[in-house]
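Visitor: Generate a structure from the sequence data that follows.
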Amino acid sequence: MEEIAKNTLITILITFNAFVCYQEGKKVYQEHQKYKVDKNQRNLKLKIKKTQIKKMLADLNINELNQPLYGEFTKEEASRFLKVTHKLKQGNQILYKFETELLKHVNLENMRNFIKNAPYINIYNHKNPKKASVLGTFDGQSKEIHIYKDNEKTLNHELLHAASADFNYSAVGFSVDLEKIGRFGEGINEGYTELLNNRFFANNSKSYLYLQNLVKIIESLYENKEDMLEDYFNADIFGLIGELSKTIPLEDIIDIIVEMDQFLSLKNASYLDYLKLKHKILKSAVKKEQKSLVKFKKGNH
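Guide: As a prediction, the model looks like this:
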C-alpha cells in the first residue's frame with residue numbers, strides 16, 4: 001500500500017509540474033506573439049511616417065540647409081543677455097548655476113533660446129510620485145519643468161531642453177513638430193541631450209544608452225563637432241540634415257532619424273535592433289563616400 005501511495009504521489013507531482021510548465025510555456029508564447037504583433041504595428045507606423053516625411057522634404061534645397069540660420073549676437077541680444085543673467089543671479093540660483101556651467105561648453109551665440117525661455121521657466125519637484133513613468137518633463141508652451149525623480153541629472157537634462165527650445169517653430173533641439181505628421185527627431189534629440197548632459201555636467205547616466213551611442217556615430221560624421229552643438233541649441237534639425245547629407249543620402253537620413261524613435265523606450269527595441277541601425281548608419285555613410293570617390297575619379301579622366 002505504501003508503494004502504491006508513493007507512486008500515486010509521484011504521478012500527481014509529475015502531472016502538476018507538467019501542468020505548471022505548460023501554463024508558463026503558454027504564457028511565454030502568448031507574450032511573444034503579442035510582442036510580434038506590437039512590433040509589426042510599430043514598424044508599420046514607422047514606415048508610414050518615413051513615407052510622409054520623405055514626401056514633405058523631397059524638395060529640400062541641400063545647399064540652403066548648409067547655410068546657418070544664426071550669427072553673432074547683436075547689441076540688443078547682448079544687452080538682453082546681461083539683463084536676464086543679472087535677474088537670474090539675483091533671484092534664481094538654479095538657472096544661474098546652469099547658465100554659468102553651460103557657458104563653459106558652448107559659445108554665447110548658442111544661448112539665444114535659453115535667454116528667451118529662462119525668465120518664464122518654472123520648476124516643480126514631485127516628491128515620491130506613485131506612478132511616475134518618466135524622470136522629468138519640459139513643456140515648451142508653459143515653460144514648466146516637472147521633476148519626478150529629484151536629482152540634478154534629471155534637472156539638467158530638462159534644462160538642456162529648455163536651452164534648445166524655439167517654439168516659434170515648435171522645435172526643441174533636434175525635435176520638430178511637422179504639420180499632419182507629428183514630432184520628427186525625438187529619438188536623436190533625447191540621445192544627444194543626454195550625451196551633452198553627461199559631458200557638460202560630469203554625469204555617467206545610462207538613460208537612452210542606445211540613442212547616446214548612435215548619436216556619437218552621427219556626431220563623428222560632422223566635419224566640425226561644434227557645428228552640431230550650434231544646430232542643437234538653435235533648434236535646427238534641418239541644419240543637421242544638411243550636414244549629414246554630405247555623407248549620407250537624404251532618404252537614408254530620414255530613415256535613420258525616424259528609426260531612432262523606437263529606442264525612446266527599451267520595451268520597443270532590442271540589442272539586435274540597435275546593432276542593425278548602427279550598421280545602417282555606418283553603411284550609408286560609406287556608400288555615399290564610395291559614390292563621391294567614383295565621381296571624383298571620373299572627373300579626373
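
Visitor: contacts and neighbour counts: CA atoms only from here.
Guide: Fine.

Visitor: From residue 118, how far out is residue 140?
Guide: As for residue 140, its distance to residue 118 is 11 Å (criterion: CA to CA, to the nearest Å).

Visitor: With residue 241 instead?
Guide: Residue 241 sits at a distance of 28 Å from residue 118 (criterion: CA to CA).

Visitor: same question, residue 103
Guide: Residue 103 is 14 Å from residue 118, where distance means CA to CA.

Visitor: So between the two, which is more surrounded?
Guide: Between residue 103 and residue 118, counted using other CA atoms under 10 Å, the more crowded position is residue 118 (20 against 13).

Visitor: hang on, residue 256 packs against residue 277?
Guide: Yes. The pair residue 256 / residue 277 is scored as a contact, 7.3 Å apart, by CA atoms under 8 Å.

Visitor: Tell me where this protein has strands.
Guide: Secondary structure of the chain (DSSP state E): strands at 122-125, 136-139, 144-147, 165-166, 171-172, 175-178, 182-184.

Visitor: Now for the closest residue to residue 212 other than its chain neighbours, how many residues are close by?
Guide: Sequence neighbours aside, residue 191 is the residue nearest to residue 212 in space, at 4.5 Å (criterion: CA to CA, 6 or more residues apart in numbering). When neighbours are defined as other CA under 10 Å, residue 191 has 26 of them.

Visitor: Now do the same contact list for residue 191.
Guide: Going by CA atoms under 8 Å, 6 or more residues apart in numbering, residue 191 touches 208, 209, 210, 211, 212, 213, 214, 215.

Visitor: what does the average pLDDT come to for stretch 243-255?
Guide: For stretch 243-255, the mean per-residue pLDDT is 90.

Visitor: Flag every buried residue along that stretch.
Guide: Within stretch 243-255, the residues scored as buried using 16 or more other CA atoms under 10 Å are 243, 244, 245, 246, 247, 248, 250, 252, 253, 254, 255.

Visitor: Output those in TSV; the columns should cover distance to residue 83.
Guide: Below are the buried residues of stretch 243-255 laid out as TSV (distance: CA to CA, whole Å):
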residue	distance to residue 83
243	34
244	37
245	39
246	40
247	42
248	43
250	42
252	44
253	40
254	40
255	43
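
Visitor: Closest one of the residues you listed to residue 94?
Guide: Taking CA to CA as the measure, residue 243 is the one of the buried residues of stretch 243-255 closest to residue 94, at 34.4 Å.

Visitor: Would you quantify the distance from the closest one to residue 143?
Guide: The spacing between residue 243 and residue 143, counted by CA to CA, is 30 Å.

Visitor: Residue 144 - how many residues pack around it?
Guide: Residue 144 is flanked by 17 other residues according to other CA under 10 Å.

Visitor: returning to what we had before: overlap in contacts, residue 140 and residue 118.
Guide: residue 162.

Visitor: low pLDDT regions in the stretch 51-200 of the chain?
Guide: For the stretch 51-200 of the chain, applying pLDDT under 70 flags the ranges 62-69, 128-132, 150.

Visitor: Any buried residues in stretch 225-234, and which?
Guide: For stretch 225-234, burial by neighbour count (16+ other CA under 10 Å) applies to 228, 229, 230, 231, 232, 233, 234.

Visitor: Generate TSV for those residues, with distance to residue 267 and pLDDT as supplementary columns.
Guide: Formatted as TSV, the buried residues of stretch 225-234 follow (distance: CA to CA, whole Å; pLDDT from 0 to 100):
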residue	distance to residue 267	pLDDT
228	29	95
229	29	95
230	32	94
231	30	95
232	27	97
233	29	96
234	31	93
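
Visitor: Excluding chain neighbours, what is closest to residue 155?
Guide: Excluding the flanking residues, the one nearest residue 155 by CA to CA, 6+ apart is residue 147, at 6.7 Å.

Visitor: Name the residues linked to that neighbour by a beta bridge.
Guide: Beta-bridge pairing for residue 147 (DSSP bridges): residue 125, residue 136.
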